[in-house]
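> What follows is a protein structure lacking sequence information:
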């Protein structure tokens, strides 16, 4: 089902120093948490398709379990890799966590092993709504 698989990529793979992604990730706004997730305050760094706005936009993501989490778009999934600017062609993920793999290895080892943050309680479930936060 679309949106239950929540893939990840290491932020160090974003290497184009002129890109909006790189500039945001290496700015004062983003910190790498001890758990290996990227944060802008309460917002967790994720990659989303083009349908969901620009790098730097913030969202409330709702799961079918009723849980929500706050996310900031720190990377864009390439249109050639997703359907409708939304879900990934190979794994149907809508949300891709942008992480520090070394730190995540200690805090969320199951996510690395399974390839998906869906195994983490806070992120378990199918994405049913992505609402843009207007600040």
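Done, it's in. Values in this document were obtained by computation on a predicted structure and should not be read as measured data. Numbering: from 1, shown residues only.
> State the distance from the residue of the chain most remote from its centre to residue 26.
Ranked by distance from the centre of the chain (CA atoms, centre = their mean), the top residue is residue 18, with 20.7 Å. Distance, residue 18 to residue 26, using CB to CB, to the nearest Å: 12 Å. C-betas here are computed from N, CA, C, even on glycine.
> how about low-confidence regions in the chain?
Within the chain, the segments meeting pLDDT under 70 span 1-3, 78-79, 81-92.
> For the most centrally placed residue in it, what is the enclosing helix or strand?
The structure's the chain has its C-alpha centroid closest to residue 46; by CA atoms, centre = their mean the separation is 2.0 Å. Residue 46 is part of strand 43-48, with elements assigned from DSSP states H and E.
> just checking, what packs against that strand?
With contacts defined as 3 or more CB pairs under 8 Å, 6 or more residues apart in numbering; DSSP states H and E, strand 43-48 has these neighbours: strand 38-40, strand 68-76, strand 96-99.
> got the contact list for stretch 108-122?
4-8, 35-36, 67, 69, 91, 93, 95, 97, 101, 104-105, 123-125 (CB atoms under 8 Å, 6 or more residues apart in numbering).
> Could you check which helix or strand contains residue 6?
Here residue 6 sits in a region with no helix or strand, counting by DSSP H and E.
> Next up, the contacts around it.
93, 95, 96, 97, 116, 117, 118, 123.
> The same query, at a cut-off of 6 Å, please.
With contact set as CB atoms under 6 Å, 6 or more residues apart in numbering, residue 6 has these partners: 93, 95, 116, 117, 118, 123.
> nearest to residue 51, of these?
residue 95 (12.6 Å; CB to CB).
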